[in-house]
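*Asks:* need coordinates for the following:
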Amino acid sequence: MIKPKTYIYITFFLLATTSIIYSCRKPQTLDDSELDERMSGGDCTVFDESAGAFGNVIGGLTDEDQRVHDVGDGFFSKTFVPFSTNSPAVGLGPLFNQLSCARCHINEGRGTVPASGQPLQSMFFKLSVPGVDAYGAPLPVQGYGIQLQDKSIAGVNPEGTMQISYSYLSEKLADGTDIQLRQPIYQFDNLYTTMPANVLYSPRIARPNFGMGLIEAISEESILRNADPNDANGDGISGKVNYVYDYITRQGNCIGRIGWKAAVPNIKNQVAKALNEDIGITTSIFPVEYETTQQGGKIELPDSIVKALTFYMKTLAVPARRNVKDETVKLGQKLFKASGCVKCHVDKHETATDVSFKPLSGQIIRPYSDFLLHDMGPAIADGRPEFDASGYEWRTPPLWGIGLNQRVNGNTNLLHDGRARNYIEAIMWHGGEAQTAKDNFKKLTKTERDALVKFLESL
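*Replies:* Now for the predicted structure:
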């Protein structure tokens with residue numbers, strides 16, 4: 001069923017007589033004193049705090065743009081079925097992880113972590129063996145492909161399942177407060193055949209989809225200015241770009257922006273990969289399924305639908321920040337910066353000028369990410385390289401919209417595998433390049449910690 005849309009187009013005024021329409025200004029002319037911090041997505045911001053906050057369309061679309069967006073919306077929510085049935089959404093499987101895009105990205109938001117012993121719903125496991133393929137990507141596992149497929153159509157056995165249980169670690173803050181950290185334990189189960197002893201696997205929960213068009217539109221200059229792969233400034237933080245392969249243009253050395261390890265260069269690649277790996281749908285971009293059967297040769301979803309899905313995700317708006325004038329929130333923002341969190345969770349970027357699609361062009365946005373790779377230490381390492389990303393490195397996740405997770409998705413689980421149940425646990429799992437910021441956080445008083453959390457809740 002197609003979700004109802006809340007169309008919220010934004011005009012705002014500064015003072016009684018002066019209005020600034022940001023799309024008419026060059027990004028370089030705006031500084032922090034001029035930028036309304038509520039406008040996380042620039043002109044692509046919506047004031048919506050409901051459970052549907054992540055599903056709004058950006059403003060400025062033509063009637064034809066809106067039609068394509070709605071077609072993509074429909075297929076995003078549509079349940080795919082096997083080829084033998086009479087449906088416009090055919091080609092499911094034979095092996096897959098979910099029946100539709102929306103079943104992982106609930107309300108266009110993040111996935112949920114199953115309780116111990118429960119089946120996976122919006123969480124999946126990337127697989128590979130050591131080495132790289134001709135494009136520099138991870139090597140698929142013989143007989144399993146690049147992702148564990150735990151579901152199948154009738155008459156076909158799934159590849160297997162993953163059982164998740166938890167142990168608990170204790171870490172104390174400077175004032176003696178005890179923080180219980182939930183550490184996941186993973187075990188393959190019901191495998192249809194032997195898994196190689198050298199298999200590398202990485203748990204991932206589905207990421208939010210809103211704002212992806214803006215992320216794709218960020219200028220390369222805006223990303224590269226924060227890169228410091230050799231830590232030339234000596235601050236202990238050496239963010240680097242993940243240079244990846246574009247399966248559409250067939251070009252390498254592209255800046256990765258999307259994914260937990262920034263292994264995908266743009267939305268269309270992400271859409272095609274998800275269709276192939278998550279639902280078992282072939283397209284002209286990925287005509288062969290990475291599965292036990294290695295079936296291929298038949299394009300199951302036409303380019304027009306891939307285009308519509310891509311445009312749908314490209315045109316999802318970003319929810320506005322809230323409570324920006326609250327004194328506790330402002331204190332928390334200062335502590336966020338003073339602790340060093342903002343060195344990776346960079347608060348401001350500019351999108352490139354794009355005369356072919358003006359709604360995303362020349363925007364000042366506040367995603368709170370540098371979209372670079374950082375060594376986060378051994379505690380949350382997955383040990384699985386992906387292009388230039390090592391087994392210790394992760395892309396800094398954007399924080400915009402994070403304060404609405406509970407309302408939209410019914411949980412506050414964070415990090416790539418959802419192990420952190422709240423903001424403080426997520427911070428306490430940080431290590432490596434983020435160790436100093438974590439140590440600074442541990443020294444805060446309870447009042448200061450509460451203020452920093454309230455700031456995060458405002459995003």
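*Asks:* residue 54 contacts residue 405, correct?
*Replies:* No. Under the criterion of C-beta atoms under 8 Å, residue 54 is not in contact with residue 405, lying 9.4 Å apart. Any C-beta I mention is one placed from the backbone N, CA and C, and that applies to glycine too.
*Asks:* shared neighbours, those two?
*Replies:* Shared contacts of residue 54 and residue 405, defined by C-beta atoms under 8 Å, 6 or more residues apart in numbering, are found at residue 109.
*Asks:* so which of those two has more stuff around it?
*Replies:* Between residue 54 and residue 405, counting by other C-beta atoms under 10 Å, residue 54 is the more crowded of the two (28 against 18).
*Asks:* which residues in this structure form helices?
*Replies:* 63-77, 212-217, 220-224, 267-274, 303-314, 327-338, 405-409, 423-428, 435-442, 446-458 (DSSP state H).
*Asks:* I'd like to know which of the ones you listed lies nearest to residue 91.
*Replies:* Nearest to residue 91, of all the helices of the chain, is helix 303-314, at 10.8 Å by C-beta to C-beta.
*Asks:* list the buried residues of the closest one.
*Replies:* 305-306, 308-314 (16 or more other C-beta atoms under 10 Å).
*Asks:* tell me what it is packed against?
*Replies:* With contacts defined as 3 or more C-beta pairs under 8 Å, 6 or more residues apart in numbering; DSSP states H and E, helix 303-314 has these neighbours: helix 63-77, helix 212-217, helix 267-274.
*Asks:* okay, those helices in CSV with mean neighbour count next?
*Replies:* Formatted as CSV, the entries for these read as follows, by neighbours: other C-beta atoms under 10 Å:
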stretch, mean neighbour count
helix 63-77, 17
helix 212-217, 25
helix 267-274, 23
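*Asks:* turn those helices into JSON lines, columns for distance to residue 436 and mean pLDDT.
*Replies:* Formatted as JSON lines, the entries for the helices and strands packed on helix 303-314 read as follows, by distance: least, C-beta to C-beta, whole Å; pLDDT from 0 to 100:
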{"stretch": "helix 63-77", "distance to residue 436": "40", "mean pLDDT": "97"}
{"stretch": "helix 212-217", "distance to residue 436": "27", "mean pLDDT": "98"}
{"stretch": "helix 267-274", "distance to residue 436": "32", "mean pLDDT": "97"}
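*Asks:* closest one to residue 432 among those helices?
*Replies:* Sorting the helices and strands packed on helix 303-314 by C-beta to C-beta, the top spot, which is the nearest, belongs to helix 212-217 at 23.5 Å.
*Asks:* as CSV, could you dump the C-alpha coordinates of that closest one?
*Replies:* As requested, C-alpha coordinates have been extracted for helix 212-217 and formatted as CSV (Å, rounded to 0.1, in the frame of the first residue of the first chain):
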residue,chain,number,x,y,z
MET,A,212,20.0,10.5,0.5
GLY,A,213,19.5,12.8,-2.5
LEU,A,214,21.3,15.5,-0.6
ILE,A,215,24.1,13.1,0.5
GLU,A,216,24.6,12.2,-3.2
ALA,A,217,24.6,15.9,-4.1
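*Asks:* ok, residues contacting that helix?
*Replies:* The contact list for helix 212-217, computed with C-beta under 8 Å, 6+ apart, reads 41-42, 44, 58, 257-258, 266-267, 270, 313-316, 318, 351-352, 354, 360-361, 363, 365, 367, 371, 398.
*Asks:* quick test: name the residue nearest the centre of this structure.
*Replies:* residue 207 (3.8 Å; C-alpha atoms, centre = their mean).
*Asks:* wait, that one touches residue 260, no?
*Replies:* Yes. If you go by C-beta under 8 Å, residue 207 and residue 260 touch, sitting 7.2 Å apart.
*Asks:* now the common contact residues for the two.
*Replies:* Jointly contacting residue 207 and residue 260 under the rule C-beta under 8 Å, 6+ apart are residue 397.
*Asks:* ok, back up a step: hmm, which two among the buried residues of helix 303-314 are most spread apart?
*Replies:* The span of the buried residues of helix 303-314, defined through C-beta to C-beta, is set by 305 and 314 at 14.5 Å.
*Asks:* excluding its backbone neighbours, what's nearest residue 403?
*Replies:* Taking C-beta to C-beta, 6 or more residues apart in numbering as the measure, residue 403 lies nearest to residue 457, with 4.1 Å between them; neighbours along the chain are not counted.
*Asks:* hang on, that neighbour packs against residue 405?
*Replies:* No. Judged on C-beta under 8 Å, residue 457 makes no contact with residue 405 at a distance of 9.7 Å.
*Asks:* per-residue pLDDT, residue 82?
*Replies:* Per-residue confidence for residue 82 comes out at a pLDDT of 87.
*Asks:* what's the neighbour count on it?
*Replies:* Applying other C-beta under 10 Å, we find 16 other residues in the vicinity of residue 82.
*Asks:* so what's it up against?
*Replies:* Taking C-beta under 8 Å, 6+ apart as the test, what residue 82 contacts is 90-94, 153-154.
*Asks:* with residue 245 instead?
*Replies:* So, once contact is read as C-beta under 8 Å, 6+ apart, residue 245 ends up touching 135-137, 251-252, 254, 265, 387.
*Asks:* residue 39 against residue 46, yeah?
*Replies:* No. In terms of C-beta under 8 Å, residue 39 does not count as a neighbour of residue 46; the distance is 10.2 Å.
*Asks:* which one of these two has more residues nearby?
*Replies:* When residue 39 and residue 46 are compared for neighbours, residue 46 comes out ahead with 26 against 21, by other C-beta under 10 Å.
*Asks:* who's the more buried one bridged to?
*Replies:* Per DSSP bridges, residues listed as beta-bridge partners of residue 46: residue 319.
*Asks:* related to what we said a few turns ago, please name the nearest non-neighbouring residue to the residue nearest to the centre of the chain.
*Replies:* Counting by C-beta to C-beta, 6+ apart, the residue nearest residue 207 is residue 110, at 6.0 Å.
*Asks:* now the helices of the chain as JSON lines including distance to residue 287?
*Replies:* Converted to JSON lines, those look like this (distance: least, C-beta to C-beta, whole Å):
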{"stretch": "helix 63-77", "distance to residue 287": "19"}
{"stretch": "helix 212-217", "distance to residue 287": "24"}
{"stretch": "helix 220-224", "distance to residue 287": "30"}
{"stretch": "helix 267-274", "distance to residue 287": "10"}
{"stretch": "helix 303-314", "distance to residue 287": "12"}
{"stretch": "helix 327-338", "distance to residue 287": "46"}
{"stretch": "helix 405-409", "distance to residue 287": "33"}
{"stretch": "helix 423-428", "distance to residue 287": "39"}
{"stretch": "helix 435-442", "distance to residue 287": "44"}
{"stretch": "helix 446-458", "distance to residue 287": "43"}
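*Asks:* with that, I have no additional questions.
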